[in-house]
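In: here is a sequence together with a model predicted from it:
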Amino acid sequence: MRVGKLSVAVDGPAGSGKSTIAKILAKKYHLTYVDTGAMYRAVALKMLRNDISADDTERIQQMLDKTKVKVLFDQIYLDDEEVSALIRTPQVTNFVSIISQNPEIRKYMTNTQKEIGKTENVIMDGRDIGSVILPHADLKVYLTASPEVRAKRRFEEMQEKEGENLSLTLEDILETIQKRDFQDKTRKEAPLTVADEAVIIDSSGLTIQEVVENISVLLDKILDAKG
Ligand code: CDP
């Protein structure tokens, strides 16, 4: 289906299915998919590589001045290097929710992401999309699920990727998810919150297809209204 100008914001906690659902919807409605979490992860990776701590404002600013993060569907580039797999390690996962609290990093991301939103038909997923990045989005979805369900999904995802090599247990992943939920919801800058007008979808008991269908009904209505 071809669409006119359309922007969709998908926010929610880790493991709620945001990126899986957003990718399917992007293909269905011909939207540019922007995984904003991956952008934060790329910066976290660069900081780990260069041993930059989360409170070293001066080095962070110097680094940001020389940093280029690009997302092309599910491929992420950091200064022209493809880092799509490298940004998914437990080390980066543990560090990213700490560095995403930094105001300089948020400002850099906000500017970059708002710019993409201005020029393209987008579906963006993250934590502050409906509240900060696309406050006038045509549709805002807050996708959630119970922490246990989210941990189980992440565990199965990692088992599939790493098989026997997976050293993390389901309990480890649940603990990480709860810690990140807390950090993301309680931080000062752009915390994870249900944006005004957002439609809340609890995916705990729903399949991916069911979530996609629910959101498609909403999007079709919006597109009909736009004519
Ligand atoms: O995929 P997952 O849900 O594990 O996380 P992600 O979307 O890759 O985001 C990683 C982290 O980046 C989050 O836990 C947030 O701390 C931060 N983030 C953010 O602060 N704002 C966004 N718009 C997206 C991510």
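Out: Okay, I see it.

In: by proximity to the ligand, which residue of the protein wins?
Out: Using Cβ to the nearest ligand atom, the single residue of the chain nearest to the ligand is Gly37, 2.1 Å away. In short, each C-beta sits where N, CA and C put it, glycine included.

In: and the helix or strand hosting that residue, what's buried?
Out: Taking DSSP states H and E as the criterion, the element that holds Gly37 is helix 36-49. The neighbour-count check on helix 36-49 (16 or more other Cβ atoms under 10 Å) flags 36-48 as buried.

In: can you put those in CSV and add pLDDT?
Out: Converted to CSV, those look like this (pLDDT from 0 to 100):
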residue, pLDDT
Thr36, 98
Gly37, 97
Ala38, 98
Met39, 98
Tyr40, 98
Arg41, 98
Ala42, 98
Val43, 98
Ala44, 98
Leu45, 98
Lys46, 98
Met47, 98
Leu48, 98
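
In: need the residues of the chain near the ligand, please.
Out: By Cβ under 6 Å from any ligand atom, the residues of the chain that approach the ligand are 14, 36-38, 40-41, 96-97, 100, 126-129, 180, 184.

In: in stretch 128-140, what's buried?
Out: 128-135, 137-140.

In: now for those: which two are most distant?
Out: Spatial extent of the buried residues of stretch 128-140 (Cβ to Cβ) is set by the pair Asp128 and Asp138 at 17.5 Å.

In: how far away from the center of its chain is the helix or strand encompassing Lys161?
Out: According to DSSP H and E, Lys161 maps onto helix 147-162. Helix 147-162 sits 17 Å away from the centroid of its parent chain (Cα atoms, centre = their mean, to the nearest Å).

In: counting contacts, what elements does the helix or strand that that helix is followed by pack onto?
Out: Downstream of helix 147-162, the next assigned helix or strand under DSSP H and E is helix 170-186. Contact partners of helix 170-186 among helices and strands, from 3 or more Cβ pairs under 8 Å, 6 or more residues apart in numbering; DSSP states H and E: helix 90-99, helix 147-162.

In: pull the residues that contact the longest helix seen in the chain.
Out: The residue-count maximum for a helix in the chain (DSSP state H) belongs to helix 208-226. By Cβ atoms under 8 Å, 6 or more residues apart in numbering, the residues outside helix 208-226 that reach it are 1, 3-4, 6, 8, 17, 20-21, 24-25, 28-29, 138-139, 141, 143, 199, 201, 203, 206.

In: thinking again about what came up before, closest to Ser84 among the buried residues of helix 36-49?
Out: Taking Cβ to Cβ as the measure, Ser84 lies nearest Ala38 of the buried residues of helix 36-49, at 7.7 Å.

In: that closest one touches Tyr77, doesn't it?
Out: No: using Cβ atoms under 8 Å, Ala38 is not in contact with Tyr77, being 10.1 Å away.

In: what sits in contact with each of the two?
Out: Here Ala38 and Tyr77 have Val71 as joint contacts, going by Cβ under 8 Å, 6+ apart.

In: before we move on, the earlier item: list the buried residues for the helix holding Lys161?
Out: By neighbour count on 16+ other Cβ under 10 Å, the buried set for helix 147-162 is 147, 149-155, 158.

In: please render those as a markdown table that adds distance to Lys226 and pLDDT to the earlier fields.
Out: As requested, these are exported to a markdown table (distance: Cβ to Cβ, whole Å; pLDDT from 0 to 100):
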| residue | distance to Lys226 | pLDDT |
| --- | --- | --- |
| Pro147 | 37 | 97 |
| Val149 | 34 | 96 |
| Arg150 | 33 | 96 |
| Ala151 | 39 | 97 |
| Lys152 | 38 | 96 |
| Arg153 | 34 | 94 |
| Arg154 | 36 | 93 |
| Phe155 | 41 | 94 |
| Met158 | 40 | 90 |
